[in-house]
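In: Give me a model of this one.
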Amino acid sequence: VMGCGGSREADPGTPRQSSAESLIHYTAEQLLTKWIQFGGSQSFNRMKTTRGTMSGNIKRSNTLAGFRRNHSEYAGDLSFEQFFQFAQQNFGSDETFLKRLLEAFDYEGNGRVAFRDAAMRIIILENATPSEKLAFMYEVFDLNRDGTLSAIELQNIIDVVMSSTLSLGISSEELHAELSALFPKLEATAGGQGVTVSQWVEHGLACTELGKYLGLDRTSLPSQTARDLHQYRLKRFPKGAFCCVCSEPIAGLYRKAVLCMLCGHVAHERCVNGKLTGCRKTTTLELKEPVLPEHFWVPGQAHGRCHVCRKRITSRSPSSGACCAWCHESAHLNCLEHSPICSLGTLRDSILPAASILDRGGALQIRPVPGTHPLCVFVNSRSGAGQGLMVMRAFRHYLNPLQVFDLANGGPREGLQVFQDTPDVRIVCCGGDGTAGWVMSEMDRLGMRGASAVAVLPLGTGNDLARCLGWGGGYTGEDISKLLQQYQAATAVKLDRWTLSISVVDPQAETDKIPLNILNNYFSVGVDAAIALRFHQERQSNPQRFTSRAKNKVYYAQYGWAEAINSSCANLQERLTLIVDDVPVELPSIQGLIFVNISSMYGGSNLWGTKVRPPYRPQRIGDGVIEIVAIFGSIHVGQIKGGLRGSAKRIAQGSRIKLTTTAKLPMQTDGEPWQQSACTVELALHNKQLMLVAPRSQAARAAAAVSVGTV
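Out: Here you go, the predicted structure:
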C-alpha cells in the first residue's frame, strides 16, 4: 500500500496490501516500521545530507529532516491535508496508508498530530546509533533554533519521552528516574547558559536506560507489536545465573545482568547490545475461539524435575534445560520436542492467553477461555515503600502482562474499561483500603456494580478491609504464584457499601471538603477522627517527618495522649442527635461515635465484638445492617487496640441512619478525616459488592463465618 521514496523499489519478496481494511489492526509503531522498511524514509547509513557536529559527521534521515523542515511552517502540528502534501512531495506514499498512520497517532481525535510526538517514534524506529538519535533529538527540541536547550525545552523532552514509553509498552520507572537525575546535571554543566549539543550527547550516552530506549531496533520485527518485546531491567544475581544468549555465567564483582520482567530472560548487557528481541506474545490480530498458547521456553531458567521424563534438572545452564514463561514447567533441552501442549499450569484459571486478547490498534477486546475466571490486577506502585513496584513486576511475570495495570499511570478506569464486558473476571487491588475503595468507586461509574468479585492484596497502611477478608494486615514478601492460587480458591461474599449524604445547617459556615461519599469500612465522629485529623494535617505540613510505619505509629500515639489530656470531644452526646430506623436513640456520655461496616478497625480491632447477646445480632458484612458503637476517650481506644478491652460500647444496629450535629466536629470516612460544620448526616445502603475471602482451614473458616456473613 506504500509508495517508495524516489525511484527506490520495495523488496519484491515483501507482501503488499492494497486496502485500508488490511491496515486496521496495525499499531502506530507497526505502521511506522513498515513505512521505513518499504522506502518511506532512508536509513541513517544512506544519507544524502550531513552536517558536522562534535568530532564527526552526524547523519540525518530524510524522514526526520523532512519533518524538521516543515516544523516551523506547521507550528508543531500536522493536519491530514498538510501531512499528505508533505509526504507526497518527499516520498510519494499512498494516501490510504498515510490516512491510517495519522489516525493511529491522532490520540485526541481532532485530525491533527503533534510533530514532536510523531518524530519521537520515528527516532526510535530509525536504524541509527544512540548518539545520532540524541543529536537529532536535540535539533527537534531546540524550538527557537538558538543552538542551546533551555530548561523548558529539557522538560519538553521528558514529557514526550515518557509519553512515548507508555504507548510503546516500555518499562518507564527506571527511565523516568534517570532523566530526572540527568537534567540537573546538564543545567549545572551549562552554568545557566543553555545546554549545547556536545554536552547533551555526552551526558545522554552515559545514561543506561536512555541508551536502551534510543537503541531499540524494531525494524527487524515487522510482525510484532512493542508489547511482544523483552522489557529488560538491570539486576544483580548474587547466587549466580547464566546468560540466555551466550550461555556463559554472569560474572564480575556485582554479578549484574539484564532481566526481562515479563519472561525471566537473562542476558549480559553486551549480548543485548541495546536491541530488544521477541518475548512471549500477549495479543492476537484475529479473535477466534480462544486456544492455549504454545510453550515459550526460556533457556537457563529450568528448575526441579523435567515435566517430560520426570528426571531432576541438575543445572540452570541454558545447555541443560528451559522453563516455559506461561505454565512455568521445566524440561531438558532434548525433551522439549516431546513436551505436551502448554496448559498454562496451575494458574490456568487466572491467565488470559494471547489468543484471548484482540488488539485493534491499541484498543483491547477480551474473550477468555470458557470456564475460567481471569484476573484484572491494579497495583498502586507507590504503596508499601517500594513493595508496589516489586509486586507489579511479579504479577506481570506470572500473568499476561496486559492483565496488570499501574494506578500511578492514570488510575483504574482504563483497565476497567478493557475488562468491563468480560464475564467472570476477578479484580485484585494491590494497595491500602483507599486503593480498593478507589477501584470500586470507578466500577460504580462504569456500571460494573456487583458484576466482578474484588480481592485485596494489602500494601502500605490502613488494611482493615484486607484483614476482615482474611488477606492479612500487610504483604510480607509471599510468593506471588501462591497468592494467585489462593485467589483461584477464594470464596465470594457480599460487602455492604453505604452512601454518606451530608446537608449543612449554614451554607456560609466554614467547613472542609468531604473526601469520600461512599463508606466501605467505617464512619466516625469525635475523638478518633480528631486524632486522625491532627495526624493528617501534620503529615501534610511536614512530610519529611513521616517516613516510616514505626514513626507514624509513634506520632499517632503522641497525638492520642494529647487528645486524652485536652478532651476536645468531651460530652459529645450533647452535640449529637441519633435516629436509627426512624427510632431516636439515647446516647450515654461519650467522646466518639463510630458506624462500623466490617469487623476490623484500628489495625485489626473488632469494635462490635464476637460475644453478642440479644437484642443485638452478630455482625455480618453483607446483611444490609450497619453497627453503631461508642468510645469514651482516646485511652479507651488504646485499650481496645491493645487487647485490654474486648470491644467498644454497643449502641444500635440499623439500615437507615440519621445523625444531626449542632457544632463543628471532626469526622472521618475510611481513614480520610475532615472538619465538618453543623449538619445532618444520612447513611443509606448504596450497593452490595462481591468480595473474595481468603481460603482457610475448615475450623478457621467456621470461626470467621460470622464476621463475613457466609453462614
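
In: Mind pulling up the pLDDT for Pro368?
Out: What the model reports for Pro368 is a pLDDT of 90.

In: do Gly13 as well
Out: What the model reports for Gly13 is a pLDDT of 34.

In: go on, Ser589?
Out: Ser589 is assigned 94 on the pLDDT scale.

In: show me what contacts it?
Out: With contacts defined as Cβ atoms under 8 Å, 6 or more residues apart in numbering, Ser589 is in contact with 571, 573, 632. Where C-beta positions appear, they are placed from N, C-alpha and C, glycine not excepted.

In: Run a quick neighbour tally on the first one.
Out: Burial measure for Asn571: 10 neighbouring residues, criterion other Cβ atoms under 10 Å.

In: From Gly194, how far off is it?
Out: Distance, Asn571 to Gly194, by Cβ to Cβ, to the nearest Å: 66 Å.

In: for the second one, same thing?
Out: Using Cβ to Cβ, Gln573 is found at 67 Å from Gly194.

In: and if you look at the last one?
Out: Counting by Cβ to Cβ, the gap from Phe632 to Gly194 is 66 Å.

In: Would you reformat the contacts of Ser589 as a markdown table and include secondary structure and distance to Pro615?
Out: Written out in a markdown table, the entries for the contacts of Ser589 read as follows (DSSP: H, G, I helix; E, B strand; the rest coil; distance: Cβ to Cβ, whole Å):
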| residue | secondary structure | distance to Pro615 |
| --- | --- | --- |
| Asn571 | coil | 27 |
| Gln573 | helix | 21 |
| Phe632 | coil | 22 |
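
In: Show me what the spatially most central residue of the chain bridges to in the sheet.
Out: For the chain, the residue lying nearest the average C-alpha position, counting by Cα atoms, centre = their mean, turns out to be Asp406 (0.5 Å). Taking DSSP bridges, one obtains Val379 as the residues bridged to Asp406.

In: now the stretch 151-300 of the chain, which segments are flagged as low pLDDT?
Out: Residues of the stretch 151-300 of the chain that meet the criterion pLDDT under 70 lie in 160, 162-174, 192, 208-209, 211-227, 273-277, 287-288, 290.

In: 50 instead, please
Out: Across the stretch 151-300 of the chain, the ranges flagged by pLDDT under 50 are 167-169, 216-225.

In: right, and Val379 touches Gly431 too?
Out: Yes: under the contact definition of Cβ atoms under 8 Å, Val379 touches Gly431, with a separation of 7.2 Å.

In: Please enumerate the shared neighbours of these two.
Out: Taking Cβ under 8 Å, 6+ apart as the contact rule, Val379 and Gly431 both touch 388, 407.

In: Was I right to think Lys281 contacts Leu262?
Out: No: under the criterion of Cβ under 8 Å, Lys281 makes no contact with Leu262, lying 10.8 Å away.

In: So for these two, which sits in the more crowded spot?
Out: Regarding Lys281 and Leu262, a neighbour count based on other Cβ under 10 Å identifies Leu262 as having more, with 25 against 18.

In: ok, that one - contacts?
Out: Contacts of Leu262 were listed using Cβ under 8 Å, 6+ apart, and they are 230-231, 279-280, 325, 396-397, 401.

In: go with 7 Å
Out: By Cβ atoms under 7 Å, 6 or more residues apart in numbering, Leu262 lies in contact with 231, 279-280, 396-397, 401.

In: Cys569: neighbour count?
Out: Taking other Cβ under 10 Å as the criterion, the count of residues near Cys569 is 24.

In: Mind checking what secondary structure it has?
Out: When classified by DSSP: H, G, I helix; E, B strand; the rest coil, Cys569 comes out as coil.

In: Not counting its neighbours along the chain, what's nearest Ile351?
Out: For Ile351, ignoring the flanking residues on the chain, the nearest one in space by Cβ to Cβ, 6 or more residues apart in numbering is Leu344 at 5.0 Å.

In: hang on, the one you found packs against Leu292?
Out: Yes: Leu344 lies in contact with Leu292 (Cβ atoms under 7 Å); the separation is 6.2 Å.

In: Distance check, Ala354 against Val197.
Out: To Val197, Ala354 is 43 Å away according to Cβ to Cβ.

In: who has more neighbours, those two?
Out: Higher neighbour count among Ala354 and Val197: Ala354, with 23 against 18, using other Cβ under 10 Å.

In: just checking, the more buried one touches Cys279?
Out: No: contact between Ala354 and Cys279 fails when scored by Cβ under 7 Å: they sit 11.2 Å apart.

In: joint contacts of the two?
Out: Overlap between the contact sets of Ala354 and Cys279, as judged by Cβ under 7 Å, 6+ apart, is nil.

In: joint contacts of Leu344 and Leu292?
Out: Pro353.

In: Could you list the low-pLDDT ranges of the protein?
Out: Going by pLDDT under 50, which is the cut-off in play, the chain has low-confidence ranges at 1-75, 90-92, 107, 125, 127, 167-169, 216-225, 697-706, 710-711.

In: ok, and what's touching stretch 490-508?
Out: Outside of stretch 490-508, the residues within contact range by Cβ under 7 Å, 6+ apart are 453, 455, 511, 514, 517-520, 523, 597, 621-622, 624, 626, 669, 677-695, 708-710.

In: what comes up buried for it?
Out: 490-491, 493-498, 500, 502 (16 or more other Cβ atoms under 10 Å).

In: Over to stretch 440-457?
Out: Counting neighbours by 16+ other Cβ under 10 Å, one finds that the buried residues in stretch 440-457 are 440, 442-443, 448-449, 451-457.

In: got the CA positions of that stretch in PDB?
Out: Once non-C-alpha atoms are left out, stretch 440-457 reads as follows in PDB (Å, rounded to 0.1, in the frame of the first residue of the first chain):
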ATOM      1  CA  MET A 440     -14.800   0.100  43.500                       C
ATOM      2  CA  SER A 441     -16.000   3.700  43.000                       C
ATOM      3  CA  GLU A 442     -14.700   3.600  39.400                       C
ATOM      4  CA  MET A 443     -16.600   0.300  38.900                       C
ATOM      5  CA  ASP A 444     -19.800   2.100  40.000                       C
ATOM      6  CA  ARG A 445     -19.200   4.900  37.500                       C
ATOM      7  CA  LEU A 446     -18.800   2.300  34.700                       C
ATOM      8  CA  GLY A 447     -21.900   0.400  35.700                       C
ATOM      9  CA  MET A 448     -20.000  -2.700  36.900                       C
ATOM     10  CA  ARG A 449     -21.900  -2.900  40.200                       C
ATOM     11  CA  GLY A 450     -21.700  -6.400  41.700                       C
ATOM     12  CA  ALA A 451     -20.600  -7.900  38.400                       C
ATOM     13  CA  SER A 452     -17.000  -8.700  39.400                       C
ATOM     14  CA  ALA A 453     -15.500 -10.000  42.700                       C
ATOM     15  CA  VAL A 454     -12.800  -8.000  44.200                       C
ATOM     16  CA  ALA A 455      -9.800  -9.200  46.200                       C
ATOM     17  CA  VAL A 456      -7.300  -7.100  48.200                       C
ATOM     18  CA  LEU A 457      -3.500  -7.500  48.500                       C
END
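
In: distance between it and the chain's centre?
Out: For stretch 440-457, the gap between its own C-alpha mean and the chain's C-alpha mean amounts to 17 Å (Cα atoms, centre = their mean, to the nearest Å).

In: Can you tell me what sits against it?
Out: Residues external to stretch 440-457 that are found in contact with it (Cβ under 7 Å, 6+ apart): 391, 411-413, 416-417, 420, 425-430, 436, 465-466, 469, 471, 475, 483, 487, 490, 492, 518, 687-692.
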